[in-house]
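S.K.: Requesting a structural model of the entry that follows:
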Amino acid sequence: MDHDKPMKIVLVEDDVSACRDFIDYANTRTDIIFVGVTGRGDEGLELVKRKMPEAVILDLELSYGKGSGFDFLDDFCKTEFSIRPIVVITTRNRNDTVHTMLHTKYNIDCLFYKLQEGYGPEMVIRHLLRFREFYHARESGTNSEFKSLETPEELERRIMGRIKAELNAFGISTKYKGRRTAEEAIYMLLCKGSGDSETVFIDLARKHNLHYNNITRNIQNAINKVWNNPTNLEELLKHYTAPVNKDVGAPTPTEFIHFYADKIRPDL
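M.R.: Sure thing, here's the model as predicted:
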């Protein structure tokens, strides 16, 4: 994590007014950015997996949303992260037993009582920023200078996790041959210095001892299986937003891998 860049935060809060307050405050600063906001616990976890934020601000009750903060935390703790996001809880619950459980069972970093004097976005965000450097130094196993660099293995795991999440959202099953090939192609565009799809497909053909046409055909078949028989077309078009040539009928392998590489690159 590079703390010279704005701190990326996901907000899971079902109070519209509270969400607006957080966003308005974020707009007055250049050192934080909300990369996702939702009032649903399940959507919150998906945002965390896709956006790879440094921090999550979680409303424990989610009285008007779907699920609860505890549901989110149960699933969050089962998820592997290359670097675990800081988790901040906001709540109206003053029960000491609940607070102890949050810290011991879920390893929550910070908790704010919404009715305490001075509570608001500024209090929460300023605390997060103060905690930022110390937290990641602790996560890296050192009390020395903050480490902004991931190991190559951590970086690859994080990027591949994001690619897999995007292709899951698109709907490509892992049972299709082209699924794994598409993952590798997107990764190569992002990380291997291959600036064009032609080079990527040639390199993949050499790597797997296949003909170039087999590589592109496998990816195209995987795309077509989803594109031509979508279970939910509206949902599909939310995830793949690039224009598609009507004469072709579906994204080409080149269009597909460049779309996702371009989509993921700003979040690296």
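
S.K.: Tell me, please, where in the stretch 51-200 of the chain the pLDDT is lower than the cut-off.
M.R.: Within the stretch 51-200 of the chain, the stretches with pLDDT under 70 are 65, 134-151, 154, 192-195.

S.K.: all helices in it, in order from the N-terminus.
M.R.: 69-78, 96-104, 121-139, 152-170, 177-191, 197-208 (DSSP state H, counting those that start in this stretch).

S.K.: Would you point to the one among those that's packed deepest?
M.R.: For these, average neighbour numbers computed from mean count of other Cβ atoms under 10 Å are highest in helix 177-191, which has a mean of 21. Placement of C-beta: from N, CA and C, glycine included.

S.K.: Would you check that residue 185 makes contact with residue 198?
M.R.: No. Between residue 185 and residue 198 there is no contact under Cβ atoms under 8 Å: 11.2 Å.

S.K.: now the helices of the stretch 51-200 of the chain as JSON lines including distance to residue 84?
M.R.: Output for those, formatted as JSON lines (distance: least, Cβ to Cβ, whole Å):
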{"stretch": "helix 69-78", "distance to residue 84": "9"}
{"stretch": "helix 96-104", "distance to residue 84": "15"}
{"stretch": "helix 121-139", "distance to residue 84": "6"}
{"stretch": "helix 152-170", "distance to residue 84": "12"}
{"stretch": "helix 177-191", "distance to residue 84": "23"}
{"stretch": "helix 197-208", "distance to residue 84": "32"}
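
S.K.: Out of those helices, flag the one nearest residue 28.
M.R.: Smallest distance to residue 28 across the helices of the stretch 51-200 of the chain (Cβ to Cβ): 9.1 Å, for helix 121-139.

S.K.: quick one, what contacts the residue of the chain most remote from its centre?
M.R.: The centre of the chain is farthest from one residue, residue 211, which by Cα atoms, centre = their mean lies 34.2 Å away. Contacts for residue 211 were tallied using Cβ atoms under 8 Å, 6 or more residues apart in numbering; they are residue 205.
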